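Novice: with the input below, show me the fold.
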Amino acid sequence: MRCLIIDDEESIRRITSVALASEGCEAVAVESGAAALKRVANEHFDVAFLDLKLKGENGLEVLVELRKNAPVLDVVLFSAYANVPTTVEAMRRGAVDVLAKPFTPEQLRQVVRQVEENRRLKNKVAELQSQIEATAPAADHTTAEPALQKVYELALRAATTPATILLLGESGTGKTVLARAIHQSSAQRENAFVTVSCPTLSKELVASELFGHMKGAFTGAVSDTWGKVALADGGTLFLDEVGDLPMEVQPRLLRLLQEKEYERVGEAKPRRSNVRVIAATNRNLEEAVGKGEFRRDLFFRLSVIPLQVPPLRERLNDLRQMAERYLKFFAAQCAKKVTRFSPAAMDVMMKYQWPGNLRELRNAIEHAVILANTESVEPMDLPENVRPGQAAPLSVGAAVTLAELEAEHIRRIVGHARSMEDAARTLGIDPATLYRKRKALGL
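Specialist: Okay, here's the model as predicted:
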């Protein structure tokens, strides 16, 4: 790392330079804030070590100017007057640490290592963020559909409040993306957004996954574990497909919503949680309440702000824009010069029902970009189930694999079923298995 030392004592500058050099850093030393500002204007530094009491200058004011001129610069304050108020004010103005004078070379090196580790973690987060952005196009919440525009407006208004939000709609309509947008517009945006996929968990594990457990609470509980509620403390807990939450766990969730309290499995000690809950489901929860499959009081607590996200077949005014956005993204990802849809291809997509909604549209466009041989996507580039009359329909006895037959059967059942639970019953599998198969098929 390149380090800038700002101190009016020559001995401090010399000792600090030697200690930093022993840690493999390149050190530049100056005696005033004015000189430091000139250096950062023309050179890159990773960290600055700044004396609080400079001759004729206020170190805290220099700190503010340094951060203004070099926003990514980490600043550590030197101070012979390091007390709690000074430290708090320094941190408020952007310092990453305060080192009390006199300090030993080893104390300085420890601070350098901590700063270096923090920078490494920041770079890792940035790298992971760029990887995520490379695998999915950026979320776009513009719409030409008045009904959906009202949903977005209400979602963003509710985001600034602590209200629990329930997102309703078919699988693949973008409920998770909307939940993240709500989180990013909320007071909790600087804290974690934690997702729990309810259908993927067994009845035995869902309580532990949500609330954590104590060592020995059940077979396999070999250590104390904190659950997703603790991880989301101060942030947002997103319950995906909450309609599949087992009845045995629903009272625990109700208590969390009403009292902000929970207990780990196997523990009698109540714990507080400052977590905002957003839930989503493709089930008709009112119908589930009537059947005794979902608690009425929990339904009311979850649906303080209910938002119905429409399926893609009801958003035809948005389909062209979304398809073109996916096309641009996947063409860049695949390094192919595919720039448009032919009128025939767009006509095919406008007439298709899209039972898998946005997720299916994304997969279909990726498929088309990969197969396209020209700058224009043609109907034959689209998946067979999207384009009618291009291939014989899959049927029992046809020359197709079992996997293809199963996939087509699931698509048709899901497309016509009233809910995922009804689809699972028709298929003769449990909802968790159907959830995994839909994910694999992009439905």
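Novice: from now on I want contacts and neighbour counts done on CA atoms only, so please keep to that.
Specialist: Will do.
Novice: can you confirm Ala27 is in a strand?
Specialist: Yes - Ala27: assigned to a strand according to DSSP: H, G, I helix; E, B strand; the rest coil.
Novice: with adjacent residues omitted, what lies nearest to it?
Specialist: Cys3 (4.8 Å; Cα to Cα, 6 or more residues apart in numbering).
Novice: who touches the one you found in this structure?
Specialist: Cys3 makes contact with Leu20, Cys25, Glu26, Ala27, Val28, Phe45, Asp46, Val47, Ala48, Phe49, according to Cα atoms under 8 Å, 6 or more residues apart in numbering.
Novice: that one sits in which helix or strand?
Specialist: For Cys3, the element it lies in under DSSP states H and E is strand 2-6.
Novice: over to Val277?
Specialist: Using DSSP H and E, Val277 sits within strand 276-281.
Novice: that older thread, please state the offset of the strand holding Cys3 from the chain centre?
Specialist: 36 Å (Cα atoms, centre = their mean, to the nearest Å).
Novice: next one: stretch 281-288
Specialist: Offset of stretch 281-288 from its chain centre (Cα atoms, centre = their mean): 25 Å.
Novice: same question for that stretch: list its buried residues.
Specialist: Neighbour-count burial for stretch 281-288, counted by 16 or more other Cα atoms under 10 Å, picks out Thr281, Asn282, Arg283, Leu285.
Novice: again, but for stretch 290-310
Specialist: Applying a neighbour-count criterion of 16+ other Cα under 10 Å, one finds 293-295, 298-299, 301-303, 305-310 buried in stretch 290-310.
Novice: got a list of what Val40 touches?
Specialist: Counted by Cα under 8 Å, 6+ apart, Val40 has contacts Leu66, Asn69, Ala70.
Novice: close enough to count as contact, the second one and Ala41?
Specialist: Just to be clear, that refers to Asn69. Yes - taking contacts as Cα atoms under 8 Å, Asn69 lies within contact range of Ala41: 7.0 Å.
Novice: just the C-alpha atoms of the helix or strand harbouring Thr86, please, in PDB.
Specialist: Assigned by DSSP H and E, Thr86 belongs to helix 84-92. Once non-C-alpha atoms are left out, helix 84-92 reads as follows in PDB (Å, rounded to 0.1, in the frame of the first residue of the first chain):
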ATOM      1  CA  VAL A  84     -13.900   9.100  23.500                       C
ATOM      2  CA  PRO A  85     -15.400  12.400  22.200                       C
ATOM      3  CA  THR A  86     -12.400  13.000  19.900                       C
ATOM      4  CA  THR A  87     -12.600   9.400  18.600                       C
ATOM      5  CA  VAL A  88     -16.300   9.700  18.000                       C
ATOM      6  CA  GLU A  89     -15.900  13.000  16.100                       C
ATOM      7  CA  ALA A  90     -13.000  11.600  14.000                       C
ATOM      8  CA  MET A  91     -15.100   8.600  13.000                       C
ATOM      9  CA  ARG A  92     -18.000  10.800  12.200                       C
END
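Novice: tell me the average confidence for that helix?
Specialist: Computed over helix 84-92, the mean pLDDT rounds to 81.
Novice: ok, stretch 306-326 next?
Specialist: So the average pLDDT for stretch 306-326 ends up being 93.
Novice: for that stretch, list every residue counted as buried.
Specialist: Going by neighbour count (16+ other Cα under 10 Å), the buried part of stretch 306-326 is 306-313, 315-316, 319, 322-323, 325-326.
Novice: kindly report the same for stretch 351-370.
Specialist: Applying a neighbour-count criterion of 16+ other Cα under 10 Å, one finds 354-366, 368-370 buried in stretch 351-370.
Novice: just checking, which of those residues belong to helices?
Specialist: Within these, residues falling in helices by DSSP state H are 357-366, 368-370.
Novice: could you find the lowest-pLDDT member of the residues you listed?
Specialist: Among these, Arg359 has the lowest pLDDT, at 89.
Novice: find the nearest non-adjacent residue to that residue, please.
Specialist: Per Cα to Cα, 6+ apart, closest to Arg359 is Gly172, 5.0 Å.
Novice: and what of Val196?
Specialist: Counting by Cα to Cα, 6+ apart, the residue nearest Val196 is Leu239, at 5.1 Å.
Novice: does the one you found sit in a helix, a strand or a coil?
Specialist: Secondary structure for Leu239, judged by three-state DSSP, is strand.
Novice: please apply the same query to Val338.
Specialist: coil.
Novice: list the contacts of it.
Specialist: Here Val338 is in contact with Leu327, Lys328, Ala331, Val369, Ala372, Thr374, Glu375, Ser376, Val377 (Cα under 8 Å, 6+ apart).
Novice: correct me if wrong: the first one contacts Lys336.
Specialist: No - counting by Cα under 8 Å, Leu327 stays clear of Lys336, with 10.3 Å between them.
Novice: tell me, what's touching the two both at once?
Specialist: Joint contacts of Leu327 and Lys336 (Cα under 8 Å, 6+ apart) are Val369.
Novice: just to revisit the earlier point, farthest-separated two in the contacts of Val338?
Specialist: For the contacts of Val338, the farthest-apart pair by Cα to Cα is Lys328 and Thr374; their separation is 14.4 Å.
Novice: Leu148: what's it in contact with?
Specialist: Val309, Pro310.
Novice: gap between Arg272 and Glu248?
Specialist: The spacing between Arg272 and Glu248, counted by Cα to Cα, to the nearest Å, is 21 Å.
Novice: over to Thr173?
Specialist: Thr173 is 29 Å from Glu248, by Cα to Cα.
Novice: those two - which one has more neighbours?
Specialist: Thr173 (22 against 12; other Cα atoms under 10 Å).
Novice: so the more buried one touches Glu360, yeah?
Specialist: No - the criterion here is Cα under 8 Å, and Thr173 misses it with Glu360 at 9.6 Å.
Novice: re the thing from before, among the buried residues of stretch 306-326, which lie within strands?
Specialist: Pro306, Leu307, Gln308 (DSSP state E).
Novice: so the first one is in contact with Leu166, correct?
Specialist: So that's Pro306. Yes - Pro306 is within contact range of Leu166, at 4.7 Å (criterion: Cα under 8 Å).
Novice: pretty sure Leu108 is touching Ala21, no?
Specialist: No - at 11.4 Å, Leu108 does not count as touching Ala21 under the criterion of Cα under 8 Å.
Novice: which intervals of this protein have sub-threshold pLDDT?
Specialist: For the chain, applying pLDDT under 70 flags the ranges 82, 123, 126-139, 204, 389-400, 415-418, 442-443.
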